[in-house]
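*Asks:* Prediction below, plus the sequence it came from.
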Amino acid sequence: MSASKSLEAVARDRVGKGAARAVRRQGQIPAVIYGGNQAPQAIAVDLIRTRTLIYAGGFKTTLFDISVGGKKVRAIPRDYQLDPVSGVPMHVDFLRVVAGQTVTVEVPVHFVNEDEAPGIKQSGGTLNVALHTLSLDVAPDQIPEAVEIDLTGRQIGDVIHVSDIKIPAGTYTGEATDTVANILPPTVLGAEVEAEEAAIAEAQSAEAAEEKAEGEETEGGEDEKSDASDKE
């Protein structure tokens, strides 16, 4: 399980677009802590620290002890906004964590021992991943960093369902029959590539034919203009 991380914050006494811009000019990010049957609390967190946490991965599955005015609030990120051009964090929403509460989080799926899968190593098959994350309903202090799936002994044609794997903590919110991954034979992937290449070639051929026709029409028009000029 991932341990909680500390995060320093300052309380904000003003909200709104103007106040948010002022916070950002100071090298901070406006944020809010809500939930837990308490009033929302507007805060500001350090830009560099928060940006590092977001881009390190696993931000929305990490439990934080947020220090605000000498008091600590345990919370988990529920959402954040990035500038669409620069990618700089613009705002963060935190959910208060209350004793006995569970949260729904997207936990990444990691595949291990791929070299021990005969269908991939010896037969040249391809691991086709259907679910890159699993939605788990879990206690905040038990959120796993990842769900590991062992590929040892897996053959071509094997299908891995949620019911086939061990979830470290919490409950999967979907169906036990959901497919997480399967191993495809080389010919399946090859056929898809060939079909895609054929479609591209066909499109290029049609485009070339269209350009040639347009060129001939242009040349014909210029010849007609030349003939008319000669007659004059």
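*Replies:* The structure has been received and is ready for your questions.

*Asks:* use CA for all of it now, contacts and neighbours both
*Replies:* Fine.

*Asks:* how many other residues sit next to Glu214?
*Replies:* For Glu214, the count of nearby residues is 12 (other CA atoms under 10 Å).

*Asks:* name the element it belongs to?
*Replies:* Using DSSP states H and E, the secondary-structure element containing Glu214 is helix 186-231.

*Asks:* Touching, Ala42 and Gly16? I think so.
*Replies:* No. Contact between Ala42 and Gly16 fails when scored by CA atoms under 8 Å: they sit 10.5 Å apart.

*Asks:* More neighbours: which of these two?
*Replies:* Between Ala42 and Gly16, counting by other CA under 10 Å, Ala42 is the more crowded of the two (18 against 8).

*Asks:* ok now do that one, which residues does it touch?
*Replies:* Residues in contact with Ala42 (CA atoms under 8 Å, 6 or more residues apart in numbering) are Ala11, Arg12, Asp13, Val15, Pro30, Ala31, Val32, Ile33.

*Asks:* for Gly57, same thing?
*Replies:* Applying CA under 8 Å, 6+ apart to Gly57 gives no contacts.

*Asks:* How about Pro40?
*Replies:* Val32, Ile33, Tyr34.

*Asks:* immediately after the longest strand along the chain, which helix or strand?
*Replies:* Of all the elements of type strand in the chain, the one with the most residues (DSSP state E) is strand 71-82. Downstream of strand 71-82, the first helix or strand assigned by DSSP H and E is strand 89-96.

*Asks:* Would you mind pulling up the elements that that following strand packs against?
*Replies:* In terms of contacts (3 or more CA pairs under 8 Å, 6 or more residues apart in numbering; DSSP states H and E), strand 89-96 is packed against strand 28-35, helix 47-55, strand 71-82.

*Asks:* Many thanks, we can stop here.
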